[in-house]
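Enquirer: Next one to model:
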Amino acid sequence: MRPTGRLSTLHGAFQSRLARIRVKIGRLLDPNVAWNHADLLVSFAAIELHSAWAVFSRNFFLSLIQRPISLTGKHIGVSSAIRTNQDGLRAAIRVCKPKIILANPDGPWSPQEEPPWFSSNTITASCAAIGASNITEVRAAFSIPQTIFRDLATFRNFYGHRNENTAARATNLAARYAVPRTPHPTNLLRTRKPGSPNSILFNFFDEARIAAEIMCR
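Expert: Below is the predicted model:
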C-alpha cells in the first residue's frame with residue numbers, strides 16, 4: 001500500500017492484504033486444529049491486522065494530499081495550504097501530538113513522532129485538520145458499531161509482549177462481548193460472539209473491510 005491519486009487502488013490493496021491474512025488463518029475455528037498452532041495463527045492475525053489498518057490509514061491520509069478520486073468518482077479536495085506530505089503530517093501531528101510540533105515544527109518526524117495511525121481518532125482529526133472534503137465519509141466510517149478500533153490494540157499488545165498484565169487486560173474484554181472470561185486471549189478471539197456466525201477475530205476483519213470501503217467512497 002502507498003499513497004495514490006485513486007482511492008480504488010488503495011482500497012483494493014488493503015482488501016487484498018486482508019484476504020491474504022484470512023486465507024492463512026482459515027482453519028482457525030476448526031476444533032481439530034492443535035491449540036499451539038491456533039495460538040500462532042491468532043497471534044499472526046492480530047499483529048498483521050493491526051499493522052494493515054495502521055498502514056492503510058496513513059496512506060489514505062497521505063493520498064488525500066494528492067486530491068484523489070474516490071471509489072464513487074468524486075474528486076476529493078483539501079485546504080490550499082496543504083501542498084506536500086510534510087504539510088499534511090505537520091497538520092496531523094499538530095492536532096494529535098502538539099508537543100512534538102513545539103519541539104520540532106519543521107520535521108522530518110520519526111514514525112514514533114507521528115500520530116498513532118491505527119486510532120480512528122487520529123484519522124478523523126487529521127482529515128479535519130487538512131480540510132478534507134470527504135470528512136463526512138471518514139466520520140461515517142467510524143459511526144457504526146465497531147469493536148476493532150476499541151479492542152484490537154489491546155490484543156495486539158498482548159501478542160507483542162505476552163505477560164500477565166497484558167493477558168489480563170485482553171481477557172478482561174470478554175464482558176464486552178457477553179461471553180465467559182477465558183484464561184487466554186487466543187481462546188477469547190476464537191470465541192463466537194452471541195448472535196454472530198463468526199469469531200471475534202473474524203468480526204474484526206469484517207469491520208476493517210467495511211470501514212475502509214466507507215472511507216474511500
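Enquirer: Find the residue at the geometric middle of the protein.
Expert: Centroid-nearest residue in the chain, with Cα atoms, centre = their mean: residue 53, separated by 3.1 Å.
Enquirer: quick one: it from residue 14, how far?
Expert: Distance, residue 53 to residue 14, by Cβ to Cβ, to the nearest Å: 8 Å. All C-beta spots, glycine's among them, are computed from the backbone N, C-alpha and C.
Enquirer: Any regions of the protein where pLDDT drops low?
Expert: When residues are selected by pLDDT under 70, those of the chain lie in 28-29.
Enquirer: Which single helix of it contains the most residues?
Expert: helix 35-64 (DSSP state H).
Enquirer: ok, and for that one, which residues are buried?
Expert: Going by neighbour count (16 or more other Cβ atoms under 10 Å), the buried part of helix 35-64 is 38-39, 41-43, 45-50, 52-64.
Enquirer: C-terminal to that helix, what's the next element?
Expert: helix 85-96 (DSSP states H and E).
Enquirer: which other helices and strands contact the following helix or strand past that next one?
Expert: Counting by DSSP H and E, the next helix or strand C-terminal to helix 85-96 is helix 98-103. Counting contacts by 3 or more Cβ pairs under 8 Å, 6 or more residues apart in numbering; DSSP states H and E, helix 98-103 packs against helix 85-96.
Enquirer: what angle sits between the helix it packs on and helix 35-64?
Expert: 110 degrees (axes from the mean of the first three to the mean of the last three Cα atoms, to 10 degrees).
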